[in-house]
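Undergrad: All I have is the shape, not the residue letters:
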């Protein structure tokens, strides 16, 4: 596992954050939480309501929720592990905001997702369109809980 690693995650309920923190611990990586400038409320996350904030964003391919903080030294990382919950079969729009905010040229991006109902699906390939430049992509994986054995096995494959 050569080079500096960043684990960047968006987590609406805390599940993805827990998994991301465990990945960072095992990989000896830095951790960055992608926090939207406007935090999602329970009502915002009600996917049954077509007028909820998350529903409106996911139905608008151009939606890019603002992010509260930034990774100050993105250039110093060789590999970026990006974690997110699955929303409507893909990554939430805030992940697209994150990926479009930095130059990932020359880096390896390794996606992972958490999901209560579906697998990785097309989510890991769908985010490729948000990144410009010469990037190496590793195949995405679904990890729903901080399982040390499963995470170690996966990191050996992708790092």
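TA: Received, thanks. None of these values were measured; they are calculated from a predicted model.
Undergrad: which residues in the chain form strands?
TA: 5-9, 30-33, 79-85, 108-114, 136-137, 141-142 (DSSP state E).
Undergrad: what about the helices in this protein?
TA: With DSSP state H, the ranges of helices along the chain come out as 15-27, 53-58, 93-100, 123-126, 148-158.
Undergrad: worst average pLDDT in those?
TA: Sorting the helices of the chain by mean pLDDT places helix 123-126 lowest, at a mean of 73.
Undergrad: Could I get the buried residue list for stretch 4-18?
TA: By neighbour count on 16 or more other CB atoms under 10 Å, the buried set for stretch 4-18 is 5, 6, 7, 8, 9, 10, 11, 12, 15, 16, 17, 18. C-beta coordinates here come from the backbone N, C-alpha and C atoms, glycine included.
Undergrad: any idea which of those residues is closest to residue 97?
TA: Nearest to residue 97 among the buried residues of stretch 4-18 is residue 10, at 9.3 Å by CB to CB.
Undergrad: among the strands of the chain, which is nearest residue 49?
TA: Of all those, it is strand 79-85 that lies closest to residue 49, at 17.5 Å by CB to CB.
Undergrad: contacts for the closest one?
TA: 3-13, 15-16, 19-20, 23-24, 27, 29, 74, 91-92, 95, 98-99, 104, 107-115, 123, 127, 159 (CB atoms under 8 Å, 6 or more residues apart in numbering).
Undergrad: taking the mean pLDDT, what do you get for it?
TA: The model assigns strand 79-85 a mean pLDDT of 97.
Undergrad: closest one to residue 63 among the strands of the chain?
TA: Closest among those, once you apply CB to CB, is strand 79-85, at 14.9 Å.
Undergrad: what distance separates that closest one from the centre of its chain?
TA: 4 Å (CA atoms, centre = their mean, to the nearest Å).
Undergrad: What residues sit buried inside it?
TA: In strand 79-85, counting by 16+ other CB under 10 Å, buried: 79, 80, 81, 82, 83, 84, 85.
Undergrad: would TSV of the strands of the chain with distance to residue 63 be doable?
TA: Converted to TSV, the strands of the chain look like this (distance: least, CB to CB, whole Å):
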stretch	distance to residue 63
strand 5-9	19
strand 30-33	20
strand 79-85	15
strand 108-114	19
strand 136-137	23
strand 141-142	24
